[in-house]
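[1] Model the structure of this input:
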Amino acid sequence: MGTARMAFVAAWVLAAGGGVARADAPPAAARARVDGGVVEGVVAGGVIAFKGIPFAAPPVGANRWRAPQPVLRWAGLRKATDYGPDCMQVPFPGDAAPLGVTPAEDCLYLNVWRPAKRGRRRPVMVWIYGGGFVNGGSSPPVYDGSAFARDDIVLVSFNYRLGNFGFFAHPALSAEQRGQPLGNYAYMDQITALRWVKRNIAAFGGDPSNVTIFGESAGGISVHALLLAPAARGLFQKAIIESGAGDSGVGGRRLSGGTDSAQNKGLALAAQFGIRGEGPAALAGLRALTAEQLRGNLNMGTMGSNVNYVGGPILGGYLERGSPLAQYARGEGARVPVMVGANSSDLGFVFMGVRSPEELYARFGPDAERARQVYAVPPGVPVGAVAFQAGGDQMMVEPARRVARLLSARGQPVYEFRFSYVAESLRKTTPGAGHATEIPFVFDTVAARYGRDLTAADEATARAVHAYWVAFARSGKPAVPGLPEWPAYDARKDVLMNFTDAGPVAQPDAWKDRLDLAQRFSARQHGATGQAGK
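    The predicted model follows:
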């Protein structure tokens, strides 16, 4: 064969893709066939990232306030190189995880990070973001899943509807969707995303029989809901709850009945736009509102004063049945390994507004004298700071301990943690680890969070925290060679893993007296719910 003929054949083979790959073609592992068609990700640093994959049809128009509908198929190859829009919201100034894209109502997209190398099926972790059910998304840089993929985990994150899009009730909706799931469309999105993972994750090298869900704040509350949901059985095998409360979630209005019901809130929201009535015409008018109109100014800063917002998960709506602790105490919920914990200076609004130590202690009623001992206000420290600490015990820290006690007592492997580490650059001004500050350490994305202020100690803590989360996802035990042993929770020993400024330490809970007091307070506030952990 002559030289010219050989050159022609070589060029034809390369153009046809037969036998020899083009130099600019991605590796075969960078493509995956999923619901809807074929997607192609981006290869970098030994990781393939697939972003902006639709897992349901756009929830717009007639699909507003419906359970997620089947994803629309696409022709040819879909580039999965950029995040899809996060769900509609007003970004919250000062958010520890600022969004990386512009929000939109068409937002039901997910992302997958996987190792570039081929191998056996890997454990899967599915992240559920927080944000009070009114803010948040999967695009923030601190939620990047590359570190998990480098540690041989397939990491999935997804968006779910927020605010008036994610939680809404109206008599016309109840009539239109009689016998169908109502109210909590955000939870419907979460279940749909997990079902997508079950069907599709093997195409990314993930093991659909080894899935760990994990979430923080509203995401942690969501993990509770999923643990308790019969509809989620078999969709995951392990769960991690970070600052997920437990006595109750955000919201709590009943779907119908009473002047303060979710349906009446829906009627009031409609009236705000001049839409009256309870029939199909009212629902058509509501669906004709622009996304910006429906969103309004709602975010974490304004939700408390937004009188026509239902407030979050709706009791009697899809998946929501009230206090997780009360349900666990009744023996309900998936019997899977669980990690649960909170931060050392977590959210605590229970005692906000107290003006003196005496006023704080009086809030504890018959335990006022005990409160004086365990929440003594040091000289020079504002009473509000101590009140916030007491509120954090009430809202986040003590419920985490009670979850550990309830689930471990019925034979589940449970591992409790407290995140107490404060980045070195913040220690002079920050008394403890605030709400959500563990997230960049879990994801090992501290460089994205702290930038030039990042220190070697911050990086070392991130490596340790991340390694424990990875180990738990692999085996259901957070056992990491070279790091302190993390024992399963046992109420008789009350040992947790405390991520301190000096490193991880497994120790009996030094806050036992405080948390015992917080539990008694909860019992009086919530009745049987508060007693659930005893």
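
[2] remind me, longest helix of this structure?
    Looking across the chain with DSSP state H, the single longest helix is helix 456-475.

[3] residues making contact with it?
    For helix 456-475, contacts defined as C-beta atoms under 8 Å, 6 or more residues apart in numbering pick out 123-125, 147-148, 151, 153, 210, 212, 214, 238, 240, 337, 339, 415, 419, 421, 423-424, 438, 440-447, 450, 477-480, 483, 486, 497, 499, 501, 503-504. C-beta coordinates here come from the backbone N, C-alpha and C atoms, glycine included.

[4] could you give the angle of whatever helix or strand comes next after that helix to helix 456-475?
    Proceeding N to C from helix 456-475, the next assigned helix or strand is strand 495-500, under DSSP states H and E. Computed by axes from the mean of the first three to the mean of the last three C-alpha atoms, to 10 degrees, the angle separating strand 495-500 from helix 456-475 equals 150 degrees.

[5] Buried residues, the longest helix of the chain. List them.
    Within helix 456-475, the residues scored as buried using 16 or more other C-beta atoms under 10 Å are 458, 461-462, 464-474.

[6] Quick check: the farthest pair among those?
    Of all pairs drawn from those, the greatest distance, 24.7 Å, lies between Asp458 and Arg474 (C-beta to C-beta).

[7] could you give me the average pLDDT of stretch 149-168?
    Stretch 149-168 comes out with an average pLDDT of 98.

[8] among the contacts of helix 456-475, which ones are buried?
    Among those, the ones that count as buried by 16+ other C-beta under 10 Å are 123-125, 147-148, 151, 153, 210, 212, 214, 238, 240, 337, 339, 415, 419, 421, 423-424, 438, 440-446, 450, 477-478, 480, 483, 486, 497, 499, 504.

[9] So which of the residues you listed sit within strands?
    By the criterion of DSSP state E, membership of the buried ones among the contacts of helix 456-475 in strands covers 123-125, 210, 212, 214, 238, 240, 339, 415, 419, 497, 499, 504.

[10] quick check, nearest of those residues to Val38?
    Val124 (20.4 Å).

[11] The closest one and Gly206: what is the separation?
    From Val124 across to Gly206, the span is 4 Å (C-beta to C-beta, to the nearest Å).

[12] thinking again about what came up before, just the C-alpha atoms of the longest helix of the chain, please, in PDB.
    Extracted in PDB, the C-alpha atoms of helix 456-475 (Å, rounded to 0.1, in the frame of the first residue of the first chain):
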ATOM      1  CA  ALA A 456      -1.800  23.500  58.000                       C
ATOM      2  CA  ALA A 457      -3.900  22.700  61.100                       C
ATOM      3  CA  ASP A 458      -7.100  23.400  59.100                       C
ATOM      4  CA  GLU A 459      -6.000  21.100  56.300                       C
ATOM      5  CA  ALA A 460      -5.100  18.300  58.800                       C
ATOM      6  CA  THR A 461      -8.500  18.600  60.500                       C
ATOM      7  CA  ALA A 462     -10.200  18.400  57.100                       C
ATOM      8  CA  ARG A 463      -8.300  15.300  56.100                       C
ATOM      9  CA  ALA A 464      -9.300  13.600  59.400                       C
ATOM     10  CA  VAL A 465     -13.000  14.600  59.300                       C
ATOM     11  CA  HIS A 466     -13.300  13.600  55.600                       C
ATOM     12  CA  ALA A 467     -11.500  10.300  56.200                       C
ATOM     13  CA  TYR A 468     -14.000   9.300  59.000                       C
ATOM     14  CA  TRP A 469     -17.000  10.200  56.700                       C
ATOM     15  CA  VAL A 470     -15.500   8.200  53.800                       C
ATOM     16  CA  ALA A 471     -14.800   5.200  56.100                       C
ATOM     17  CA  PHE A 472     -18.400   5.200  57.300                       C
ATOM     18  CA  ALA A 473     -19.700   5.300  53.800                       C
ATOM     19  CA  ARG A 474     -17.600   2.300  52.900                       C
ATOM     20  CA  SER A 475     -18.400   0.000  55.700                       C
END
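
[13] Would you state the helices of the stretch 51-200 of the chain in chain order?
    146-150, 163-166, 171-176, 185-200 (DSSP state H, counting those that start in this stretch).

[14] tell me what the longest one is packed against?
    Under the contact definition 3 or more C-beta pairs under 8 Å, 6 or more residues apart in numbering; DSSP states H and E, helix 185-200 sits against strand 31-34, strand 122-128, strand 154-158, helix 163-166, strand 206-216, helix 218-227.

[15] So for that helix, what gets flagged as buried?
    Within helix 185-200, the residues that count as buried by 16+ other C-beta under 10 Å are 185-198, 200.
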